[in-house]
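Undergrad: Predicted coordinates and the sequence they were generated for:
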Amino acid sequence: MEYTAQTPDEFIAELKKRLSQNPGCGVSHYNLGTAYVAKGRLVEAEAEFLSAVECSPSLAEAYVQLGGLAMNKGNLDGCLEWNEKASRARPLFAVPFGNIGFVHLQRGEVDKAEKALRRAVKIDPKYVQALATLGNALYMKGDVDGAEFHSAKALEVEPHFGPAINTLALVAMERGDFPKAKEFLDRARATGFEPHPGLVQEIEAGLAK
C-alpha cells in the first residue's frame with residue numbers, strides 16, 4: 001500500500017480519502033489513529049482505533065494503542081483490559097505483555113507483573129522496557145541478583161535507558177556500595193531520568209557516614 005503524502009496533514013487527508021472508499025479497512029483506521037496521536041489529536045485517534053478493532057478484531061497493535069490512551073488518562077483498568085485483548089488477539093506479540101506487567105507493577109501486584117514481564121522477554125529477549133520493568137519488579141520482590149541481571153540485560157540493548165540504570169543504583173545501595181549507587185544515579189540523570197528524591201537522600205546519607 002503506497003502512500004504519496006509528504007507531510008502528516010497530507011497523510012491524514014490521504015487516509016481519509018482511502019477510508020471514504022473502503023470504510024471497513026482496519027489498517028487504514030489504525031494508521032489514521034497513529035497519525036492523529038502524532039498530532040496530539042487523541043479523541044480522534046481513539047475513535048479511529050476503536051473503528052480499527054471493530055473492522056479487524058485481530059489487530060493487536062490497535063488494542064495496544066487504546067491501552068496507551070487509557071493510560072494517558074490515568075485509567076489503569078482500561079489500559080490493562082485493552083492490553084489483555086491485544087495479548088489474546090496475538091499471543092506472540094511481546095508489547096501487550098510488557099504493558100500488562102507495567103500496570104500490575106503500578107498497582108503493587110508484583111507476582112502478576114513478574115509473570116507478564118517474563119512472558120514478554122521470552123517472546124522478545126531484546127524488549128528493553130520489559131527487561132527494565134522486570135528488573136524493577138524483581139528488586140521489589142527482594143531478588144537483588146535478578147534485578148541486577150535483567151537491568152544489565154536492558155542496558156545491553158539500550159545503554160542509556162534511565163530506568164534500568166536507576167534500578168542498578170538501588171541494587172548497589174541495597175548491597176551497601178553507596179559510591180557505586182551514586183555513580184549509577186548520576187548516569188541515570190544524564191539520560192534525562194529523574195530518580196526518586198527519597199533514593200537521592202538515602203544515597204547521600206550513605207555516602208556521608
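TA: Perfect, thanks for sending it. Treat the numbers as computed from the prediction; the structure is a model and nothing was measured.

Undergrad: Pretty sure residue 100 sits against residue 116.
TA: Yes. With contact defined as C-beta atoms under 8 Å, residue 100 reaches residue 116; the gap is 4.2 Å. From N, CA and C alone the C-beta is placed, and that goes for glycine too.

Undergrad: Compute the first-to-last residue distance for stretch 68-86.
TA: Taking C-alpha to C-alpha, to the nearest Å, the first and last residues of stretch 68-86 lie 12 Å apart.

Undergrad: For it, report the contacting residues that lie outside it.
TA: Residues outside stretch 68-86 that contact it (C-beta atoms under 8 Å, 6 or more residues apart in numbering): 37, 42, 45-46, 49, 53, 60-61, 63-64, 66-67, 93, 95-97, 99-100, 103-104, 106-107.

Undergrad: how near is residue 110 to residue 140?
TA: Distance, residue 110 to residue 140, using C-beta to C-beta, to the nearest Å: 5 Å.

Undergrad: quick revisit: buried members of the contacts of stretch 68-86 into ChimeraX, please.
TA: Buried subset of these, written as a ChimeraX selection, criterion 16 or more other C-beta atoms under 10 Å:
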select :37,45,46,49,53,60,61,63,64,66,67,93,95,96,97,99,100,103,104
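
Undergrad: Mark which of the contacts of stretch 68-86 are part of helices, please.
TA: Judged by DSSP state H, these include 37, 42, 45-46, 49, 53, 60-61, 63-64, 66-67, 95-97, 99-100, 103-104, 106 as members of helices.

Undergrad: which regions of the protein lie under the pLDDT threshold?
TA: For the chain, applying pLDDT under 70 flags the ranges 1-3.

Undergrad: element containing the closest residue in space to residue 114 that isn't next to it in sequence, please.
TA: Leaving out its chain neighbours, the residue that sits closest to residue 114 by C-beta to C-beta, 6 or more residues apart in numbering is residue 137, at 5.0 Å. Element membership for residue 137 (DSSP states H and E) is helix 128-141.

Undergrad: Okay, angle between that helix and helix 94-106 too, please.
TA: 30 degrees (axes from the mean of the first three to the mean of the last three C-alpha atoms, to 10 degrees).

Undergrad: quick one, what contacts the spatially closest residue to residue 207 that is not a sequence neighbour?
TA: Nearest non-adjacent residue to residue 207, counting by C-beta to C-beta, 6+ apart: residue 178, 4.8 Å away. Residue 178 is in contact with 172, 203, 206, 207, 209, counting by C-beta under 8 Å, 6+ apart.
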